[in-house]
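Novice: Any chance you can model this:
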Amino acid sequence: RGITRFFSLSPTYYFSETSFVKGGVDYEQDTAFKFDSSGSGRHKVNTLSVYGELFTRFFENLSLTLALRNDRHSMFGHHTTYKISASYLFPKTKTVLKGQYCTGFKAPTISELFFGYPTYSYFCNSNLKPEKSEGYSLGIIQNLSTIKIGTFYFKNRLWNAIDYVQINANNYQVKNVGRVITEVFQPFVEIPVGKYISLRGSYTHTHVRSSLSKYTLRRPEESFEAEGKVLYKNLLFKLWLVHYGSRKDGSATLKPFTVYNAYASYKFSKNKELYLKLINLTDKKYELAQSYNTMGRSLFVGLRFKL
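Specialist: A predicted model of the protein is given here:
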């Protein structure tokens, strides 16, 4: 068992309608206690994060975002990460180019460092190193009269990846075991139909290069989404489907599936909205993980207030 304490402060200042700066401080403290047959113990870790982000638009065509973050972890010291992203519109052709580069840092959890799950033969490792990553994305969007088409490419590299490794016939221990490379290709199309109706479809191809099972398990190589939306005055109705291709889960292969969903809402005013959401309309039986059932047909009704 354990206790997590978290504090966050994140003010935003607008220079103009097209430029703002955002800063913040996050503090998280994790305390965990252990009481079992292997003994007892208490460990505590904390992270203090300071970050800032600047967004601005130049000449109506160029948008730029710069972000910087420093995490001070009680065990791993200071780590600075950053993000640079840009978007440019070519007015004559109505073409938009997008790009982003970022770095990342993720410390091991308190369970991975000090506790694990010895009852189930999974053991911790206090010598773990933080995971580090870098990634970039490139995208192009083309406006063709009322139709919009585009495609995005994402690539991410992860170092010091953490996973459980078999150390003998019966036991596993968490270790830094290698590098993971993930690539995603995602084209889409948006088509308006008349004044009130719009259609959207997207396809996602994901390729993961890793010898680590947890980064490849249950991830479909192919998936797609399709959506139809009707917006008339204060009434919104949306119908969409999500399709997952086959996925590996250990020695098993999970079957592909398609789920249909619906959403409707009505705005009484700027601050009040009634909504209704239907998930899994056909009550499809499917698994995201082997032998674990997922939610059947479900209805959600709610009322939103904005202060």
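Novice: Look through the chain and tell me its longest strand.
Specialist: strand 39-58 (DSSP state E).
Novice: Next SSE downstream of that one?
Specialist: Heading C-terminal from strand 39-58, the first helix or strand you meet, by DSSP states H and E, is strand 62-73.
Novice: Distance from that following strand to the middle of the chain?
Specialist: On the basis of C-alpha atoms, centre = their mean, to the nearest Å, strand 62-73 sits 18 Å off its chain's mean C-alpha point.
Novice: what does it contact?
Specialist: Strand 62-73 has contacts (C-beta atoms under 8 Å, 6 or more residues apart in numbering) with 45-58, 78-89, 102, 105, 107, 130. Quick note: C-beta positions are derived from backbone N, CA and C, even for glycine.
Novice: got it, and stretch 242-251?
Specialist: 213, 216-225, 253-259, 261, 286, 289-290.
Novice: Show me just the buried residues among those.
Specialist: Among the contacts of stretch 242-251, those classed as buried by 16 or more other C-beta atoms under 10 Å are 216, 219-220, 223-224, 254, 257, 259, 261, 286.
Novice: need these in a markdown table with secondary structure, pLDDT and distance to residue 206, can you?
Specialist: A markdown table is the format used below for the buried ones among the contacts of stretch 242-251 (DSSP: H, G, I helix; E, B strand; the rest coil; pLDDT from 0 to 100; distance: C-beta to C-beta, whole Å):
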| residue | secondary structure | pLDDT | distance to residue 206 |
| --- | --- | --- | --- |
| 216 | coil | 73 | 10 |
| 219 | coil | 85 | 6 |
| 220 | coil | 90 | 7 |
| 223 | strand | 96 | 8 |
| 224 | strand | 96 | 12 |
| 254 | strand | 89 | 15 |
| 257 | strand | 94 | 17 |
| 259 | strand | 96 | 18 |
| 261 | strand | 97 | 22 |
| 286 | coil | 90 | 18 |
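Novice: Which members of those residues are the farthest-apart pair?
Specialist: 216 and 261 (27.1 Å; C-beta to C-beta).
Novice: returning to that earlier point: quick one: the buried ones among the contacts of stretch 242-251 as a markdown table, columns for distance to residue 274 too.
Specialist: As requested, the buried ones among the contacts of stretch 242-251 are exported to a markdown table (distance: C-beta to C-beta, whole Å):
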| residue | distance to residue 274 |
| --- | --- |
| 216 | 42 |
| 219 | 37 |
| 220 | 35 |
| 223 | 31 |
| 224 | 31 |
| 254 | 37 |
| 257 | 31 |
| 259 | 24 |
| 261 | 18 |
| 286 | 30 |
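Novice: helices or strands next to the longest strand of the chain in the packing?
Specialist: Packing partners of strand 39-58 (3 or more C-beta pairs under 8 Å, 6 or more residues apart in numbering; DSSP states H and E): strand 19-36, strand 62-73, helix 110-114.
Novice: Nearest to residue 179, out of the ones you listed?
Specialist: helix 110-114 (18.3 Å).
Novice: What lies in contact with the helix or strand just after the closest one?
Specialist: Per DSSP H and E, the first helix or strand lying C-terminal to helix 110-114 is strand 122-123. The contact list for strand 122-123, computed with C-beta under 8 Å, 6+ apart, reads 116, 164, 167, 171-174.
Novice: Tell me the one of those nearest residue 184?
Specialist: Distances from residue 184 to the contacts of strand 122-123, taken as C-beta to C-beta, are shortest for residue 164 (25.5 Å).
Novice: mind listing what the closest one touches?
Specialist: 122, 172-175, 214.
Novice: switch to 6 Å and redo it
Specialist: By C-beta atoms under 6 Å, 6 or more residues apart in numbering, the residues touching residue 164 are 122, 172, 174.
Novice: Now the buried members of the residues you listed.
Specialist: Among these, those scoring as buried are 122, 172, 174 (criterion: 16+ other C-beta under 10 Å).
Novice: can you redo those residues as CSV with pLDDT and distance to residue 193?
Specialist: Output for these, formatted as CSV (pLDDT from 0 to 100; distance: C-beta to C-beta, whole Å):
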residue, pLDDT, distance to residue 193
122, 82, 53
172, 86, 54
174, 89, 52
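Novice: where does the stretch 151-300 of the chain have low pLDDT?
Specialist: Confidence mapping of the stretch 151-300 of the chain against pLDDT under 70 gives the ranges 211-215.
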